[in-house]
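Participant: after the sequence you'll find the predicted model.
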Amino acid sequence: MNNEDNSAFHLKHVLSALKTVVPFNAPESVEETRNIARHLAEVVVDAVAYTSRPWKATRIEASILRAVDELLSVYNETFTNMSDRVCVNSEKDIVKSLRTVGQTMIQDKKLHFSLIATYYAFAGVFAKRCKENGKESYVPLIKKTLCAFAEEEFCDWLDENGGWKQFVEFFEDPEVERKALLKGGMLLSAASLVTMAVYRVLKS
């Protein structure tokens, strides 16, 4: 199977997973959870870095993009400043920076849906700043690193907590979402973790 065939097979598999999950007719499988995590990495980075969004978003795509938009309406400048402070001169720097941010965010193992959305949002802003600073060639690696980290660190927790179906339900109502993120303090705590993580990258 050549690269074109591999890409077509992967896309078909992802779309199949999305069709299964979005109607919520049955629980998603472990593999579907990971396929969706990979797909959403592409969706979020493209949306934030290139303002490119799905023409007709699925419920899952719409849900994470709405959560990311809510985050960035408050923290875009903060995430931008943090991204600019991370010195990126090589592919190794990209991987190290994103993974260190993620590992610091989850070091107490208290995952929640807004933290997952925050990590996706930060990766999107990081990609955008690379693009704007003449380092667009790093964007595919940012997507790849986000995919790998989400699969390794988020998907098991998602499997145990209702999967992406529950993520959608958590962020489905914009008013409920805003209250949960802002009034509940979840957004602030997640963003603070990102801030601490970036400082850790700077010192390492």
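Facilitator: Happy to help now that I have it. Residues are numbered from 1 along each chain as shown.

Participant: please make it C-alpha for all contacts and neighbour counts, starting now.
Facilitator: OK.

Participant: tell me the contacts of the most centrally placed residue in the chain?
Facilitator: Centroid check for the chain by CA atoms, centre = their mean gives residue 120 as the closest residue, at 2.1 Å. Under the criterion of CA atoms under 8 Å, 6 or more residues apart in numbering, the neighbours of residue 120 are 41, 44, 45, 68, 146.

Participant: apply 10 Å and report the result again.
Facilitator: 37, 40-45, 48, 64-65, 67-68, 102, 114, 126, 143, 146-147, 150 (CA atoms under 10 Å, 6 or more residues apart in numbering).

Participant: which of those residues fall in helices?
Facilitator: The members of these that map onto helices under DSSP state H are 37, 40-45, 48, 64-65, 67-68, 102, 114, 126, 143, 146-147.

Participant: residue 203 versus residue 115, what's the distance?
Facilitator: Separation of residue 115 from residue 203 (CA to CA, to the nearest Å) stands at 23 Å.

Participant: neighbour count winner among those two?
Facilitator: More crowded of residue 115 and residue 203, by other CA atoms under 10 Å: residue 115, with 24 against 7.

Participant: measure the closest residue to residue 116 other than its chain neighbours to residue 77 for me?
Facilitator: Excluding the flanking residues, the one nearest residue 116 by CA to CA, 6 or more residues apart in numbering is residue 154, at 7.3 Å. Separation of residue 154 from residue 77 (CA to CA) stands at 26 Å.

Participant: more crowded one of these two?
Facilitator: residue 154 (21 against 12).

Participant: if I look at residue 143, how far off is residue 108?
Facilitator: Residue 143 is 25 Å from residue 108, by CA to CA.

Participant: and what of residue 194?
Facilitator: Taken as CA to CA, the span from residue 194 to residue 108 is 13 Å.

Participant: neighbour count for the two, which is higher?
Facilitator: For residue 194 versus residue 108, the count of surrounding residues by other CA under 10 Å is larger for residue 194: 26 against 8.

Participant: can you name the residues that contact that one?
Facilitator: Applying CA under 10 Å, 6+ apart to residue 194 gives the contacts 78-79, 82, 100-106, 115, 118-119, 122, 188, 200.

Participant: mind redoing it with 8 Å?
Facilitator: Applying CA under 8 Å, 6+ apart, we find residue 194 in contact with 101, 102, 104, 105, 119, 122.
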